[in-house]
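1. show me how the following folds:
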Amino acid sequence: MRRELHAEWTKTRTAPGTAWLLSAVVVLTAAASAAVAATVSCPETGCDQDVARLGLAGVQAGQAAVAVLAVLAVSGEYGTGMIATTFAAVPRRGRVLAAKAAVLTGLTLAAGTVAVLASVLAARLILPGNGFTAADGHPPPSLSDGPTLRAAAGTVLYLALIALLSLGAATVLRDSATAAGVVCGLLYVLPLVPLMIGDPGLRRLLWQAAPANAGLAIQTTTHLDDLPIGPWEGLGVAAAWAAAALLGAWLLLRIRDVRA
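-> The predicted structure is shown next:
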């Protein structure tokens, strides 16, 4: 497996868009988090805001860059025809997929950690000036606080799961535009579907099934009983989506031609 990991690391490291997309994960997440923190306020009469979730809101922007990075890790090889060379060098296609997943996960965890730390720092600097103070019951987010640490660490894991989901989708679809469209639909369109459903039971079920809605429940630190799904259970739903995508990718890699 060492040879496959080294090969995938070399391909990913030397791809022209990798550094830019990893930087985009950090910049988009931190900038969007800072923007959200700057636009909300807590009046003197008090407010009912989840400070940790506010500080991590930018992940909804950063996940797009993660998805594109993962899609290009596969579809780029299909587009150039290099995937045939890859499979000729490593006939066991499952090992190639596993190596791609391992390299992509490592890079996403690294970029996601930096992005989350920058977001928490931005929230700590901005929110107190908007009325979110310890005196009013809303201390700035701190990783020394257990729920906030869970939200921050869970957000990093969520980004890694989105990367794996996108990798699986790109391997199945083999076209970058189609794969990116499908993943973005899952992340940004599917979460809106429950809002269009009148039946409360069905609306709750659809909310629980959407990978973004469920996965981002990990960021919630207040009013947990009001959530349609618990934080860790929600992250488990996102993990199930990623696992299903990778399983489908592995099965299709075994049975079909490598040509796009």
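
2. and A245, what element?
-> For A245, the element it lies in under DSSP states H and E is helix 231-255.

3. mind listing what's buried along that helix?
-> Along helix 231-255, these residues count as buried under the neighbour rule (16 or more other C-beta atoms under 10 Å): 231, 234-239, 241-242, 245-246, 249-250, 253. Heads up, the C-betas are built off the backbone N, CA and C, glycines and all.

4. quick one: it to chain centroid distance?
-> Taking C-alpha atoms, centre = their mean, to the nearest Å, the mean C-alpha location of helix 231-255 is offset from the chain mean by 14 Å.

5. ok, residues contacting that helix?
-> Here helix 231-255 makes contact (C-beta atoms under 8 Å, 6 or more residues apart in numbering) with 93-94, 96-97, 101, 150-151, 154, 157-158, 161-162, 164-169, 171-172, 186, 208-209, 211-220, 224, 227, 229.

6. regarding this structure, what is its longest helix?
-> As far as residue count goes, and with DSSP state H defining each element, the longest helix of the chain is helix 93-126.

7. list the buried residues in that helix.
-> Within helix 93-126, the residues that qualify as buried are 93, 96-101, 103-105, 107-108, 111-116, 118-124, 126, counting by 16+ other C-beta under 10 Å.

8. now do stretch 131-148
-> For stretch 131-148, by 16+ other C-beta under 10 Å, it's 131-132, 138-141, 143, 145, 147-148.

9. check which helix or strand covers the residue nearest the centre of the chain.
-> With distances taken as C-alpha atoms, centre = their mean, L159 lies nearest the centre of the chain, 2.6 Å away. With elements delineated by DSSP H and E, L159 resides in helix 146-173, which encompasses its position.

10. skip ahead from that helix and say which helix or strand is next.
-> If you walk from helix 146-173 toward the C-terminus, the next helix or strand you reach (DSSP H and E) is helix 176-184.

11. show me what that next one is packed against.
-> Here helix 176-184 is seen to pack against helix 59-80, helix 146-173 when contacts are counted using 3 or more C-beta pairs under 8 Å, 6 or more residues apart in numbering; DSSP states H and E.

12. between the ones you listed, which one is closest to G198.
-> The closest approach between G198 and any of the helices and strands packed on helix 176-184, judged by C-beta to C-beta, belongs to helix 59-80 at 25.7 Å.

13. let me know the average pLDDT across the helix holding A245.
-> For helix 231-255, mean pLDDT is 94.

14. can you offset everything so residue one is 441?
-> That works, and once the first residue is 441, the last one we named lands at helix 671-695.

15. using the three-state scheme, assign T485.
-> Taking DSSP: H, G, I helix; E, B strand; the rest coil as the rule, one finds T485 in the coil state.

16. now do it, the pLDDT please.
-> The pLDDT attached to T485 in the predicted structure is 71.

17. burial count for it?
-> For T485, the count of nearby residues is 7 (other C-beta atoms under 10 Å).

18. any idea how far it lies from T661?
-> When C-beta to C-beta, to the nearest Å is the yardstick, T485 and T661 sit 22 Å from each other.

19. now find how far off-centre the helix or strand bottoming out on mean pLDDT in the chain is within its chain.
-> When the helices and strands of the chain are compared on mean pLDDT, DSSP states H and E, helix 522-529 comes out lowest with a mean of 72. The gap between where helix 522-529 is centred and where its chain is centred comes out at 28 Å by C-alpha atoms, centre = their mean.

20. okay then, goodbye and thanks.
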